[in-house]
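Participant: any chance you can model this:
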Amino acid sequence: MLRRIAINTGGGDAPGLNAVIQAATLAASRLGWEVFGIREGYSGVLDPDNYPDRGLVRLTPESVRNISHLGGTILGTVNKGNPFKVTESLPGGMVVERDRSEDVLAAFREHRLDALIAIGGDGSLTIANHFHQLGLRVVGVPKTIDNDLQSTVLTFGYQTAVSFATECIDRLHSTAEAHRRLMVVEVMGRYAGWIALNAGIAGRADAILIPEIPYSIEKVAQHIRDRNRPYSIIVASEGAKPVGGDVTVLAREAGRQERLGGIADRVAAQLQEMTGKETRSVILGHLLRGGAPIALDRVLGLTFGAAAVSALQQGMNGVMVALQPPCIKFVPLAEAIAQMKLVPPSGEGVLTARALDICLGD
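Facilitator: A predicted model of the protein is given here:
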């Protein structure tokens, strides 16, 4: 019988995280369960001395009453906090990895926590699945602005990111026209081009570069020359790559995924040289993660949070909440993280872009 559950948020933040926390807390409290939030992924239970509240915060209906509209996460998050691979620096500069998963399990036993609602993307849900395999009761909630989890049609935060990116592109039209410039806009998305594709279509871009379709910069330049317009807007996903080339990487750090970025500067420099037009690059970056979630993402976050508690109430374990219209389904965590959801090169989004005479670089 469940009496005390924990919630944590891991990986990059996304608009709608607090809505999940609110709904899960309210739904669990109605069942008479106590709810606790773990600070910053698993850091709150791994290193409690770093937090005034010892890394574990009691969540009540009163404490979460007015958080669903807030961006970020009241629990904090990290994207380098894998308890199975904790990096530590030794004297002399040597860096080693330690498996501290048993410390997490021991903390759950110490605090008498019966289950975990893990909110995160593919990396965080992979960690959650490992804990499930070690015997921890786990239900996952998908979180990523990249919308790249195969088992769910939508992830909260994605539509907010697309909406804001579109607003930014709209604003760039006026300044690009005023100066007769090419503007290259870089958006997040990692290895999936959903944000770039849909924001580019909505924002009336002249070209959209996505990871799923390697681009030829010559074809992009020719498209701009053929159109012969006073200005042009190019939207580039951070994971876009040229034909025969690779992604642009800002940094590689131990214990973290490689940091993508720089594609806008690269493409802008090439297009200025090839077209002779003055070119500027704009990197939206973490602006896409911040701010209040739009109504759709609030509702989706609230739905996912309530569904996660329902899964626990029904005795489920090792599953992820998934939107599969018209229903919420529960899929095994192992299945949910098995495959990344990429933009189909022959899918409706790409076909729509081509019909609108948007260059995809191929």
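Participant: residue 24 contacts residue 8, doesn't it?
Facilitator: No - between residue 24 and residue 8 there is no contact under Cβ atoms under 8 Å: 11.1 Å. For the C-beta atoms, the positions are set from N, CA and C on the backbone; glycine is no exception.
Participant: which neighbours do these two share?
Facilitator: Common neighbours of residue 24 and residue 8 (criterion: Cβ atoms under 8 Å, 6 or more residues apart in numbering): residue 117.
Participant: what's around residue 334, how many residues?
Facilitator: 15 (other Cβ atoms under 10 Å).
Participant: okay, now the domains of the protein?
Facilitator: 4-156+293-325, 159-289+344-355 (automatic domain parsing).
Participant: will you turn the ones you listed into JSON lines that also has distance to residue 338, mean pLDDT and mean neighbour count?
Facilitator: JSON lines is the format used below for these (distance: least, Cβ to Cβ, whole Å; pLDDT from 0 to 100; neighbours: other Cβ atoms under 10 Å):
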{"stretch": "domain 4-156+293-325", "distance to residue 338": "7", "mean pLDDT": "96", "mean neighbour count": "20"}
{"stretch": "domain 159-289+344-355", "distance to residue 338": "15", "mean pLDDT": "94", "mean neighbour count": "19"}
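Participant: ok, now how distant is the residue nearest the centre of the chain from residue 199?
Facilitator: By Cα atoms, centre = their mean, the chain has its centre lying nearest to residue 144, at 2.5 Å. To residue 199, residue 144 is 16 Å away according to Cβ to Cβ, to the nearest Å.
Participant: then residue 71?
Facilitator: Residue 71 sits 18 Å away from residue 199, going by Cβ to Cβ.
Participant: which residues touch the lengthiest helix in the chain?
Facilitator: Longest helix in the chain, counting residues (DSSP state H): helix 158-179. Residues outside helix 158-179 that contact it (Cβ under 8 Å, 6+ apart) are 14-16, 144-147, 181-183, 185, 187-188, 194-195, 198-200, 202-205, 230-233, 235, 278, 280, 282, 284, 287-289, 291-294, 296-297.
Participant: and the strands in the stretch 201-350 of the chain?
Facilitator: For the stretch 201-350 of the chain, the strands defined by DSSP state E, counting those that start in this stretch occupy 207-209, 232-237, 249-251, 259-260, 279-283, 319-324, 327-332.
Participant: how about those strands in CSV, adding distance to residue 107?
Facilitator: CSV is the format used below for the strands of the stretch 201-350 of the chain (distance: least, Cβ to Cβ, whole Å):
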stretch, distance to residue 107
strand 207-209, 45
strand 232-237, 39
strand 249-251, 31
strand 259-260, 30
strand 279-283, 39
strand 319-324, 23
strand 327-332, 25
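Participant: for residue 348, find the nearest of the ones you listed.
Facilitator: Ranking those by proximity to residue 348 (Cβ to Cβ) places strand 207-209 first, at 14.4 Å.
Participant: so what's residue 322 closest to, chain neighbours aside?
Facilitator: Nearest residue to residue 322 in three dimensions, chain neighbours excluded: residue 152, at 4.0 Å (Cβ to Cβ, 6 or more residues apart in numbering).
Participant: now do the contacts for that neighbour.
Facilitator: Going by Cβ under 8 Å, 6+ apart, the list of residues near residue 152 reads 142, 320-324, 336.
Participant: including distance to residue 250, could these go into TSV?
Facilitator: Shown next, in TSV, are the contacts of residue 152 (distance: Cβ to Cβ, whole Å):
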residue	distance to residue 250
142	26
320	30
321	32
322	32
323	32
324	35
336	28
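Participant: thanks a lot, see you next time.
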